[in-house]
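In: Quick one, fold the following:
(2 chains)
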Amino acid sequence: MSAPVLLDVRNLSVKFPMARSRMGLGPRRSLNAVSDVSMRVAAGETVGLVGESGSGKSTFGRAILRLGELTRGEVLLDGQDMARARGEDLARLRRETAMIFQDPYGSLNPRLTVRQAIGEVLHVHGKKGAAGRDARIVELLELVGLDATLMDRRPGDLSGGQCQRIGIARALAIEPRLIVADECVAALDVSIQGQIINLLMELGQRMHLGMIFIAHDLAMVRRLCDRIAVMYLGRIVEEGPTEQVFKAPRHPYTRSLIEAIPEIDPARMLPSAPLPGEPPSPVNLPEGCAFHPRCPLARSECRTAVPPFVGGAHRAACILAPGGRLNEVGENLPETTPATPTERIETC
Amino acid sequence: MSGTRAISARRIRWPGTVTPLVLGAAILLTWLLIALFAPLLAPYDPIYQDAAVRLQPPSWAHPLGTDNFGRDILSRVIWAARIDLQIAVFGVVFPFVIGTVAGSISGFFGGWVDTIFMRVIDVVLAFPFLVLMLAIITITGPGLGSFYIAMALVGWVSYARLIRAQFLVLKNSDFAMAAVSLGYSNSRVMFRHIMPNAILSSVVFSMSDAVLVLLNGAAISYLGLGVQPPVAEWGIMIAEGQGFITSAWWITTFPGIAIVTLAMGFSLLADGLGEALGVRE
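Out: Residues are numbered from 1 along each chain as shown, chains lettered A, B, ... in the order given. Alright, predicted model coming up:
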């Protein structure tokens, strides 16, 4: 990567304390939402963060923007640690980062018009004098493909897609260098999703933004992101350039996620054995590799040893991955036994 | 009009533009005008005692009759509107302001601040409302001033709890988080973003609270701790007339009707406001 590192997250953990069991006499427990996650984002780069619900991806996104708790780790923005920043340092983080939320209506104050909502950002950050403010609002609205006539509407009068564009315009109003988009298209119609993704791609390139795109829709991520990180139970299990990860996944979890993408292609069958069960509780994480209870390739030693995160630009935390303990030669992941046609029918 | 009239068992169908909001506002406005123009409207001096016309039933000279001191009931009901409206307004405003400030601080900052406020509220709530009011008034001495102090000290807890609950929900809403992420100050997030959305239910509640305050004021005056005789106040009038309830029904009935209509006005306004502002409950 030649571009300078904009955001460097090191060993970030988020734990939520829980009430003690047995009427307060039980052991003090905590929920490990994010464990020891590291991630780098360069300027102009879009990193996709994917995983099942509850994998900790939103918690991670909020923690790096200091919108949620964080227990341990460093969040370096241009080399300056923001994890414990206060006052002026925290204000700098707020000035240079922005978040786009999942719920297009919920993220806008229902009482403020579009003009007020965007104008407030400009006012607070002293971006424009009162005179130039309206012109700038129109400019921002045009940037996200909205008409200036919407200026005096409130969120209740707008569609979900329009609200999401306003959320993006508001985020752009502070001229951020890093944007965290948390499931920002999940609540929209499919046709609108495509438009918003295209808009984000275009804006990211034009403004040289660093972007973390949190999603569970892998097709969206593949279209938008330069790199992809896969999270499972609060840990990143695989990370690498998008196409490499999609073509040759190195972690069995990633592979099952990719196989589960539905495609309009009758020739390609959906996986005969989709990932069984639910992810285990983040309160009692399994010993060893957290994925072993659901892993089709699990070996006995997966139950005891946490696999290290290995590889170069394309890394994975699995002993069977290239560079892993059982695969020093660097072959692709072994295939699971292909299902026979009869088995396929049974699972349908 | 022919045909069947649509009668809904569950809710009243308001004809045309007469909504609860309009009706409630109209009733309150009427009472406000009556209070403002009391000197012009009242045919007699409300505290002038005319021994010659004691306990007169309603007649052309005294449309609502006279009481046991020969005072004109109509004039007293009209003059009392001034006192009773004042009671309803001040009895609500002070608790509203105190409760809103306390509740928003408590809900927004949470932690030990919240704990302290909640324990204080628990203490206030532990006593029956009227008993606590009487205790406070006993300390501060009878009179309207004491009544307002007691109302403020006791009544703020309802508003504080309402606002706090709203803040607890709204401070975790996406738009509040968005406001934080955009670098807004605590006070801006609190007052510009959360407060306008949190306060609606309190505004609606304050209208129905006004009814309770009014009845409380009447009760306190009835017990001789609020407005002092011979000042005309509906609660006092009912208290004074109760000895004659079998022989002179008009002494208690008309102030009672006045209280009911004013209370209905507030209540309708609360309903209408709640609907107009989209507040549930």
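In: so who does the spatially most central residue of chain B touch?
Out: What sits nearest the mean C-alpha location of chain B, by Cα atoms, centre = their mean, is B:A210, with 1.4 Å. Residues in contact with B:A210 (Cβ atoms under 8 Å, 6 or more residues apart in numbering or on different chains) are B:88-89, B:91-92, B:266. (C-beta placed from N, C-alpha, C; glycine too.)
In: Ok, A:M18 next?
Out: So A:M18 contacts A:29-31, A:283 (Cβ under 8 Å, 6+ apart).
In: Just put these in JSON lines and tack on distance to A:L218, secondary structure and pLDDT.
Out: Formatted as JSON lines, the contacts of A:M18 follow (distance: Cβ to Cβ, whole Å; DSSP: H, G, I helix; E, B strand; the rest coil; pLDDT from 0 to 100):
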{"residue": "A:R29", "distance to A:L218": "33", "secondary structure": "coil", "pLDDT": "78"}
{"residue": "A:S30", "distance to A:L218": "30", "secondary structure": "strand", "pLDDT": "81"}
{"residue": "A:L31", "distance to A:L218": "26", "secondary structure": "strand", "pLDDT": "84"}
{"residue": "A:V283", "distance to A:L218": "27", "secondary structure": "coil", "pLDDT": "79"}
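In: Can you tell me which of those residues are buried?
Out: A:L31 (16 or more other Cβ atoms under 10 Å in any protein chain shown).
In: closest to A:V37 among the contacts of A:M18?
Out: A:L31 (15.2 Å; Cβ to Cβ).
In: Next, the closest residue to the closest one other than its chain neighbours: secondary structure please.
Out: Using Cβ to Cβ, 6 or more residues apart in numbering or on different chains and skipping residues adjacent in sequence, the residue nearest A:L31 is A:F16, 4.4 Å away. Look at A:F16: counting by DSSP: H, G, I helix; E, B strand; the rest coil, its state is strand.
In: circling back to that earlier point, which member of the contacts of A:M18 is positioned nearest chain B?
Out: Comparing these against chain B with Cβ to the nearest Cβ places A:L31 closest, at 17.1 Å.
In: show me what contacts the closest one?
Out: The contact partners of A:L31, taken as Cβ under 8 Å, 6+ apart, are A:15-16, A:18, A:282-283.
In: How many neighbouring residues does the residue nearest to A:L31 have?
Out: 15 (other Cβ atoms under 10 Å in any protein chain shown).
In: Identify the residues contacting it.
Out: Each residue near A:F16 by Cβ under 8 Å, 6+ apart is listed here: A:30-31, A:33, A:69.
In: Which single one of those residues is nearest to B:A25?
Out: Using Cβ to Cβ, the contacts of A:F16 come closest to B:A25 at A:E69, 47.5 Å.
In: Isn't that closest one up against A:V14?
Out: Yes. Between A:E69 and A:V14 there is a contact under Cβ atoms under 8 Å: 6.0 Å.
In: For these two, indicate the residue with more neighbours.
Out: Using other Cβ under 10 Å, the more surrounded residue of A:E69 and A:V14 is A:V14, with 23 against 13.
In: Okay, and the beta partners of that one?
Out: For A:V14, the beta-bridge partners under DSSP bridges are A:V34.
In: tell me the secondary structure for B:V189?
Out: B:V189 - assigned by three-state DSSP - is helix.
In: residues contacting it?
Out: Shown in contact with B:V189 (Cβ under 8 Å, 6+ apart): B:176, B:179-180.
In: Identify, from the residues you listed, the entry nearest to A:Q116.
Out: B:A179 (12.3 Å).
In: what about the residue in the stretch 1-150 of chain A that chain B sits nearest to, neighbour count?
Out: The nearest approach of the stretch 1-150 of chain A to chain B comes at A:R94, 3.2 Å away (Cβ to the nearest Cβ). Neighbourhood size, A:R94 [other Cβ under 10 Å]: 23.
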